[in-house]
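Q: Below are the sequence and a predicted model for it; my questions follow.
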Amino acid sequence: DPNGDGKLRFGPIWDADLGSYTGDAANELMRRKDRLWYGKLFEDPEFVLRYTERWQQWRRTVLSDSNIEQVIDGFYEKIGDDAAARDRVRNWRSRLDRMGSWLKERANAIDQLFVPAPEFSHPGGVVPPGFKVKVGAERGAVFLTLDGTDPRGPDGNPVPTAQKIENTIVPVLPVGATASILIPDDTVDAQIGTSWVQPDFVEGAGGETWISGATGVGYDRRGRLTDLIQTDLGDVDYSVYIRIPFDVSEQQLTRLQFISLEMQYDDGFVAYLNGEEIARVNAPGGIGQPVPVGVNSTATHRVTTDEFDPFTWEGNRIKEGRNVLAIQGLNWKRTDSDMIIRPRLVGVQVDSTAITIDEPTRILARTQADGEWSGPTAVEFLPRIDGDLNGDGQISADDVDRLCKAIRENDSQFDLTRDGQLDRADLDFLVTEQLGTTYGDANLDRVFDSSDLVRVFTAGQYDDGIEGNSSWATGDWNCDGEFDSADLVFAFQQGGYAD
């Protein structure tokens, strides 16, 4: 309490960087937790909860993976390569990328210390009436309220009004799955590059020889990992390529809300799902940067035989039908005594019916697992007024334009008649029922007369040769994006013109 105000201050600041950005990012996650008074704080459940809430709050904002990348890129752009060259800093960009990867790996490892916060199938905001939303978590049970109050009571138990949603862990890709395996060299690298991570890659097309085996893949000279290794490679100098195909049915895909990669690895890896990178640990470079075949892992990692390290990512990379998990395993050094890559994919199936949004609703949810709670996740939904397609609280010409665009693009989200189709009937409903007018009423004063014709011809878009530039207010009344004679014929045929 250096300031005498009863608040603890972190310091000294010059010790904060010791060991940062090097070594295993998943080590010493609760640094010096056993020292002095610090460890005693974690004996208090309320302190642990506040600690969890604060961490998960920052992970959604300033400590999110995307913001970490943005901050590092911002410093790079601000400082510039010239300054790095002046100070003789070599490989500056790659060192920044390595720092970013290390920070994200560490943040992901810290995430695993806490009960995961709930996630929603929609981020909230303005939605159609009757919109359905689901909520779940990677593990544990979700408790939620629909009035924005905390589902956790002062006594640490769920409040009586909280709804409970159970989750079920289901295997998506099991350990021991059949894989195609290749120990690459410079020749192979020149032939196939990074194309091998793509789901449609044809194995052997570059003249390389893949073998078939089961995961885990690796070797062990001391016998410590013998029970885990199902495909023994003998030795690996640097890298091993692994491709694991698996199928997901439509029924499986619709029921899965979360999917995560769980790994046992020694010493590093980069994982791709259907060609997109989903995890990188102890690997040089930043997200999306290939790792050369002759490069070792940046740090060692010792496998715990009965534990898997989980990794999650933003967005759902799984698709219906054939999928491919591709992994580049990395060894610490050529003389290393062991190496293993042993992955599995697991999903979370949310066992609940969707929440229907028919009125303004603020959902506040927490996850409970093993008697501990996550931080809260709050999402607010506002049902859209029928016809208010842009969510601004009123029905206007812009809403007509949005509906016309949706009809042209066959976007069914604006099915106002709820007949399962988006067509002329929806446009009729919006114009005649919601706006209470007729076709041709460009100024929406509920009368189609000469003032509307003056308005649209003054706009100067009649047969102007510019594709798709017209709107309701400038004469596009038949929804084709143009103002031409077809719109005039269409509007007058409706019989609403007033002399």
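A: Structure's in. What do you need?

Q: rest of the way, CA atoms for contacts and neighbours
A: Fine.

Q: Over to the residue nearest to Asn478 when sequence neighbours are not counted: give its phi and psi.
A: Computed as C-alpha to C-alpha, 6 or more residues apart in numbering, the closest residue to Asn478 that is not its neighbour in sequence is Asp487, at 5.6 Å. The phi and psi values for Asp487, taken as degrees, to the nearest 10, are phi -70, psi -40.

Q: quick one: Asp487 and Gly391, what's the gap?
A: Look at Asp487 and Gly391: by C-alpha to C-alpha, to the nearest Å, they are 27 Å apart.

Q: Same check on Ile466?
A: Ile466 is 29 Å from Gly391, where distance means C-alpha to C-alpha.

Q: neighbour count winner among the two?
A: Gly391 (18 against 12; other C-alpha atoms under 10 Å).

Q: low-confidence ranges in this protein?
A: 1-2, 10-20, 22, 30-36, 305, 315, 351-352, 385 (pLDDT under 70).

Q: which ones are touching the spatially closest residue to Ser94 that is not a sequence neighbour?
A: Among residues not flanking Ser94 along the chain, Gly285 sits closest, at 5.9 Å (C-alpha to C-alpha, 6+ apart). With C-alpha atoms under 8 Å, 6 or more residues apart in numbering as the criterion, the residues that contact Gly285 are Ser94, Arg95, Asp97, Arg98, Ser101, Val291.

Q: just checking, Gly285 is part of a helix?
A: No - the assignment for Gly285 by DSSP: H, G, I helix; E, B strand; the rest coil gives coil, which leaves it out of any helix.

Q: Phi, psi for it please.
A: Main-chain torsions, Gly285, degrees, to the nearest 10: phi 80, psi 180.

Q: How much space separates it from Gly148?
A: Note on Gly285: its distance to Gly148, by C-alpha to C-alpha, is 43 Å.

Q: Thr209 too?
A: For Thr209, the distance to Gly148 - C-alpha to C-alpha - is 58 Å.

Q: Please apply the same query to Thr377.
A: According to C-alpha to C-alpha, Thr377 stands 10 Å off from Gly148.

Q: what do the two both touch?
A: Taking C-alpha under 8 Å, 6+ apart as the criterion, Thr377 and Gly148 both touch Leu364.

Q: Looking at these two, which one has more neighbours?
A: The neighbour comparison of Thr377 against Gly148 (other C-alpha under 10 Å) goes to Thr377, with 18 against 15.

Q: need the contact list for the more buried one.
A: Counting by C-alpha under 8 Å, 6+ apart, Thr377 touches Ala117, Pro118, Glu119, Leu364, Ala365, Arg366.

Q: Would you mind giving these as JSON lines with distance to Asp445 and secondary structure added?
A: Below are the contacts of Thr377 laid out as JSON lines (distance: C-alpha to C-alpha, whole Å; DSSP: H, G, I helix; E, B strand; the rest coil):
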{"residue": "Ala117", "distance to Asp445": "50", "secondary structure": "coil"}
{"residue": "Pro118", "distance to Asp445": "47", "secondary structure": "coil"}
{"residue": "Glu119", "distance to Asp445": "45", "secondary structure": "strand"}
{"residue": "Leu364", "distance to Asp445": "43", "secondary structure": "strand"}
{"residue": "Ala365", "distance to Asp445": "45", "secondary structure": "strand"}
{"residue": "Arg366", "distance to Asp445": "49", "secondary structure": "strand"}
